[in-house]
Structures are given as structure tokens and as C-alpha cells.
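Engineer: take a look and give me a structure for this.
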Amino acid sequence: MAFTNPTKWRNDMKRILIADAIIKNDQSEIAVIRRNFWPEGKLDLPGGFADEGESAEQAAIREAKEECGLEVAVVGKLGVYDYADRGEKQMHVFIMKILGGELKGSQEGETQWLNPKDIKPSDLAFPQVHAKVLADFLELNKLLI
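Structural biologist: Got it, this is the predicted structure:
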């Protein structure tokens, strides 16, 4: 099947909903995952695809529990980000507070606390979007202090 109008095809595409969580501890570090899968060894935020019928907020809360072992609640929404190289994906990023649990790894990878100021774009699994997310988060923190 040939598309005669690529712009129309792109506008009609179903968006893939991704939800990520920024979980901050009392030392102003955030939970990150060192991925077991491609791109292996790179840092990622807890998160993933929303299940059918699941809101972005519900997906971020679920993913934080599955990938990090943490019970969390949404404090606010940092923003909505498009993958620069994959326009069909739209990522909703939520700032979370910890309600309980212990930080632990999962099949996705090893989890750890890192200061977001120390994370370089080259450390990130998906720098095309996560570098902007972290920059926005750091800017928001400056405004709140």
C-alpha cells in the first residue's frame, strides 16, 4: 500500500502512549534504571507503555511499582514530550512522591538513586527525549527552591 500524502498518514497515526515517573528521594536524587535491554547499560526513567484503557497517570504509578518496587503518588505532571525521531510516541512525565516500598531492580534492569545534575545525555537510553525531560525537571526544581 502506497501513501500518496505522507503528512496525512502521519496525522492519522495512532499515538503510542508512554508514561514515565520522576521519583525523587529526600537527598534530591531520582530513581533511574540501568537497562538490561537495548540500549543495554544506559539509564532510563521508570516507565513504559500504557495498557489498554489505562490513563498515563495510572501507567506511571504501575510502572514505578513494577520496575522500582516503590509505591508512589503523583505530585504533578512535568509535561508531555514527543520523541523527536519517532513521532508516533508521546511520553507523559509525572513527578512522584514515595509512599512506601524499597528501591529494587526488576527484569528491566538495576535501579539506583542518582543526582539528576550528574546525568549526562550520553548516559541516557533515549537522550532525544530524556535530556529535555531532565533539563525541565532541573529548571522546575530551581524555581521551587
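
Engineer: this protein: strands as residue ranges?
Structural biologist: Using DSSP state E, the strands found in the chain span residues 16-23, 30-35, 43-44, 47-49, 70-83, 86-101, 109-114.

Engineer: just send these back as TSV, with mean pLDDT too.
Structural biologist: TSV is the format used below for the strands of the chain (pLDDT from 0 to 100):
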stretch	mean pLDDT
strand 16-23	96
strand 30-35	98
strand 43-44	98
strand 47-49	95
strand 70-83	95
strand 86-101	91
strand 109-114	98
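
Engineer: which one of those lies closest to residue 129?
Structural biologist: Nearest to residue 129 among these is strand 70-83; the distance by C-beta to C-beta comes to 5.1 Å. Bear in mind the C-beta positions are built from the backbone N, C-alpha and C, glycine included.

Engineer: pull the CA atoms of the closest one into PDB?
Structural biologist: C-alpha atoms of strand 70-83 as PDB (Å, rounded to 0.1, in the frame of the first residue of the first chain):
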ATOM      1  CA  LEU A  70       8.100   1.800  45.000                       C
ATOM      2  CA  GLU A  71       4.500   2.800  45.900                       C
ATOM      3  CA  VAL A  72       4.100   6.300  44.600                       C
ATOM      4  CA  ALA A  73       1.600   9.100  44.200                       C
ATOM      5  CA  VAL A  74       1.500  11.800  41.600                       C
ATOM      6  CA  VAL A  75       2.600  15.200  42.800                       C
ATOM      7  CA  GLY A  76       2.300  16.900  39.400                       C
ATOM      8  CA  LYS A  77       2.800  16.500  35.700                       C
ATOM      9  CA  LEU A  78       6.100  17.700  34.300                       C
ATOM     10  CA  GLY A  79       4.900  17.600  30.700                       C
ATOM     11  CA  VAL A  80       4.100  15.800  27.500                       C
ATOM     12  CA  TYR A  81       7.000  15.000  25.200                       C
ATOM     13  CA  ASP A  82       7.200  13.800  21.600                       C
ATOM     14  CA  TYR A  83      10.100  11.500  20.600                       C
END
